[in-house]
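Engineer: Model the following, please.
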Amino acid sequence: NAPRIATTASGVDITGAGSFTSNDATNSGLTSLLSLTHTTTGTAGDGIGTRIVFNSEDDAGGGASTMGYIDTLFTDVSDGAEKSAFAFSTRNGGSIAERMRIDASGRVRIGTDTGDAFNADSMLQIGRSGDRAFLQFKTDTSNNSGILFGTETDDVRHQIIHDVTDDALTFKNNSAEAMRLDASGNLLVGKTSSSTNTVGVEARQDGTFAAVKSGGATTVFGRNTSDGNIVVFRKDGSTVGTIGTQSGDMYLGTTDTGIRFNDAVNGVLPFNTSTILQSDNTIDLGFSSVRYDDIFATNGKINTSDQN
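Structural biologist: Below you'll find the model as predicted:
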């Protein structure tokens with residue numbers, strides 16, 4: 001029979017399957033069963049290390065081809081401050097290239113090194129040179145997938161989950177759902193179903209926006225520093241009306257035809273929303289063919305220029 005272990009000029013060849021076994025008194029720790037050592041006759045530099053090579057025969061026959069490597073290497077050989085990394089390489093066609101690396105800080109890079117350094121807070125980097133890169137989670141049709149966020153004292157604090165039952169992407173605070181993107185493309189905040197009568201915020205994919213609150217205002221629009229428009233209304237891209245503020249009052253209208261609610265004089269005053277100024281003798285109340293019927297006032301006499 002051919003020898004299973006043979007020494008060669010470059011090392012030791014092991015033929016056939018083998019195993020390493022240890023029977024010792026260690027019952028709660030690790031025992032070293034295989035040690036790979038690389039020393040140099042010169043001075044060690046960054047990149048020195050050891051490699052395990054995996055070979056197998058392909059369909060062409062005629063011997064084994066290299067499938068990949070597992071490397072351990074020093075990325076910094078400074079005495080007392082050494083740093084090492086694990087690198088995994090695979091074959092794709094005629095070339096073998098590194099596909100994953102675990103660095104001295106435990107950070108993991110999968111794919112191509114794009115040349116950018118790790119973000120200081122990043123523990124996982126996925127890179128691909130010359131093409132797109134995605135992170136994919138796949139399950140069967142009965143089980144959800146997602147990302148869990150936690151702390152050292154709270155395993156799961158926040159969650160992003162693909163709900164396969166509703167085909168929705170849900171966001172949870174602890175175990176309570178806070179927001180979801182449903183199967184129709186609607187964004188729901190504070191509620192789980194689309195309804196304009198349910199408390200919560202809803203932004204539908206068709207452009208409908210609904211905000212419902214129990215016992216309070218649903219929407220707040222604000223403007224700081226200067227007077228001007230706060231809300232602008234448009235039709236087919238053109239402005240048709242505005243609501244804004246002037247000297248602490250609210251105004252609304254269309255271009256030069258608007259009104260200002262002036263609480264200083266307890267009056268509803270003509271207003272130009274384009275110039276953001278009050279106007280005089282420019283706005284009519286009604287039209288020759290579009291008239292008001294009755295006017296109710298506390299005064300016995302109303303001064304008017306209406307000729308009809």
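
Engineer: Q159 and F134, how far apart?
Structural biologist: Here the criterion is C-beta to C-beta, to the nearest Å. By it, Q159 lies 21 Å from F134. Yep, even glycine has a C-beta here, placed from its N, CA and C like the rest.

Engineer: Tell me which of those two has more neighbours.
Structural biologist: Taking other C-beta atoms under 10 Å, Q159 and F134 do not tie; Q159 has more neighbours (20 against 6).

Engineer: Okay, now the unreliable bits of the protein?
Structural biologist: Within the chain, the ranges that satisfy pLDDT under 70 run 1-3, 304-308.

Engineer: Quick check: beta-bridge partners of the residue sitting nearest the centre point of it?
Structural biologist: Central residue of the chain (C-alpha atoms, centre = their mean): I160, 10.0 Å from the mean position. Taking DSSP bridges as the rule, I160 bridges to I147, F171.

Engineer: Wait, it touches A168, no?
Structural biologist: No. The pair I160 / A168 is not scored as a contact, 11.4 Å apart, by C-beta atoms under 8 Å.

Engineer: What about F171, how many residues nearby?
Structural biologist: Going by other C-beta under 10 Å, the residues that sit close to F171 add up to 15.

Engineer: For it, list the residues it contacts.
Structural biologist: Residues in contact with F171 (C-beta atoms under 8 Å, 6 or more residues apart in numbering) are 158-161, 177-180.

Engineer: Only the buried subset of the residues you listed, as a PyMOL command please.
Structural biologist: Burial among these is assessed by 16 or more other C-beta atoms under 10 Å; the matching PyMOL selection reads:
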select buried, resi 159+161+177+179+180
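
Engineer: Now render the contacts of F171 as TSV, adding distance to D294.
Structural biologist: As requested, the contacts of F171 are arranged in TSV below (distance: C-beta to C-beta, whole Å):
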residue	distance to D294
H158	60
Q159	61
I160	60
I161	61
E177	54
A178	52
M179	51
R180	52
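
Engineer: With respect to L188, which of the contacts of F171 is nearest?
Structural biologist: Ranked by distance to L188 (C-beta to C-beta), those are led by R180 at 5.1 Å.

Engineer: The closest one is in contact with T170, isn't it?
Structural biologist: Yes. R180 lies in contact with T170 (C-beta under 8 Å); the separation is 4.4 Å.

Engineer: Mind listing the shared neighbours of those two?
Structural biologist: Joint contacts of R180 and T170 (C-beta under 8 Å, 6+ apart) are D163.

Engineer: S274 touches T257, doesn't it?
Structural biologist: No. Assessed by C-beta under 8 Å, S274 is found out of contact with T257, at 9.6 Å.

Engineer: buried sites along the lengthiest strand in the chain?
Structural biologist: In terms of residue count, the longest strand belonging to the chain (DSSP state E) is strand 64-76. For strand 64-76, the neighbour count (16+ other C-beta under 10 Å) marks 68-69, 71, 73-75 as buried.

Engineer: Among the residues you listed, which one sits closest to G45?
Structural biologist: Using C-beta to C-beta, these come closest to G45 at F74, 8.5 Å.
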